[in-house]
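1. Just the structure for this:
(one chain, ligands or ions: 2)
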Amino acid sequence: MEYIRKERIGKPELFTGRKEELTFFLKWINDIKLEKSQSTALLARRKMGKTAILERLFNITFFKNDGVIPFYYEVKETKMGMVDFCQDFFLKFIYQYIAFKTRKREYLNPENTTDFTTVIEIVKKEGLGYLEGIINGASYAVTHEKIDMLWEIAREAPKTIAERQNEFIVQMIDEFQFLNAMIYLDNRRRSNRNDI
Ligand SMILES: Nc1ncnc2c1ncn2[C@@H]1O[C@H](COP(=O)(O)OP(=O)(O)OP(=O)(O)O)[C@@H](O)[C@H]1O
Ligand SMILES: [Mg+2]
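-> Numbers count the residues shown, from 1 in each chain. Ligands and ions are numbered 1, 2, ... in the order given. Have a look, this model is predicted:
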């Protein structure tokens, strides 16, 4: 098997055990196609191997290429403004989607995840022009700081594209507890109050 995404564990052979967990989640991912799976949280104490499992699930699902597109996103433990967060989430999703569709590793590590022009050129070049509309929408919302619109576009992007293309996408959000603690409505990270 090819491990398209470099795992933090290091060489893939260093991953041991976790057979039961992997079997459970691989079936859960497969059941997404049958619309049987519901959102699930993986909870465990620190350093128990949650990230390792998610990264491995990403690689297996990517490699299998069997009707479910994997998206892995790690929420960082640093304060982030809403605009920056939405843009980062959106563009990382788009790049992982492009990587899956084109089977090209380079798109998993894009040089630039702040620039919408480059990604538009890439989708045109790779025959994924149907993504142009949503990218332009996100770009407009960023430029005009339309936060509610941007959050809606970013949060819904995987669902929007999956439904429109008749595809299935599994979202794996690592460290999701930081979503509440670290994302600030005010892009200057001063306040979570809309009116200040
Ligand atoms: N299945 C495994 N086999 C071998 N080593 C593992 C396995 N899973 C995790 N490890 C190692 O254990 C350590 C912690 O793993 P990991 O970062 O995945 O845990 P975590 O639950 O995501 O931690 P945190 O709560 O800090 O996010 C890492 O050094 C990782 O390489
Ligand atoms: Mg972790």
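2. Point me to the residue of the protein nearest ligand 2.
-> Closest to ligand 2 within the chain is Thr51: 3.2 Å, counting by Cβ to the ion. From N, CA and C alone the C-beta is placed, and that goes for glycine too.
3. Can stretch 20-34 be said to contact ligand 1?
-> No: Stretch 20-34 lies apart from ligand 1 when judged by Cβ under 6 Å from any ligand atom; the minimum separation is 8.8 Å.
4. That stretch: which residues count as buried?
-> Glu21, Phe25, Leu26, Ile29, Asn30, Ile32 (16 or more other Cβ atoms under 10 Å).
5. Also stretch 156-173?
-> Neighbour-count burial for stretch 156-173 [16+ other Cβ under 10 Å]: Ala157, Pro158, Ile161, Ala162, Glu167, Phe168, Ile169, Val170, Gln171, Met172, Ile173.
6. just checking, which of those belong to helices?
-> Mapping the buried residues of stretch 156-173 onto helices (DSSP state H) picks out Ala157, Pro158, Ile161, Ala162.
7. Adding distance to ligand 1 and pLDDT, write the residues you listed out as JSON lines.
-> Below are those laid out as JSON lines (distance: Cβ to the nearest ligand atom, whole Å; pLDDT from 0 to 100):
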{"residue": "Ala157", "distance to ligand 1": "25", "pLDDT": "98"}
{"residue": "Pro158", "distance to ligand 1": "22", "pLDDT": "98"}
{"residue": "Ile161", "distance to ligand 1": "28", "pLDDT": "98"}
{"residue": "Ala162", "distance to ligand 1": "26", "pLDDT": "98"}
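8. of those residues, closest to Lys124?
-> Ile161 (16.3 Å; Cβ to Cβ).
9. Who are the contact partners of the closest one?
-> Tyr97, Leu131, Ile134, Glu167, Ile169 (Cβ atoms under 8 Å, 6 or more residues apart in numbering).
10. and the residue nearest to Ser37 when sequence neighbours are not counted, how far is that from ligand 1?
-> Leaving aside its sequence neighbours, Ser37 sits nearest to Asp31 (Cβ to Cβ, 6 or more residues apart in numbering; 4.5 Å). As judged by Cβ to the nearest ligand atom, to the nearest Å, Asp31 and ligand 1 stand 23 Å apart.
11. Helix or strand for Asp31, just tell me which one.
-> Asp31 is part of helix 19-31, with elements assigned from DSSP states H and E.
12. The helix or strand just after that helix near ligand 1 at all?
-> Next along the chain after helix 19-31, taking DSSP H and E as the criterion, comes helix 50-64. Yes: using Cβ under 6 Å from any ligand atom, we find that helix 50-64 touches ligand 1 at Lys50, Thr51, Ala52.
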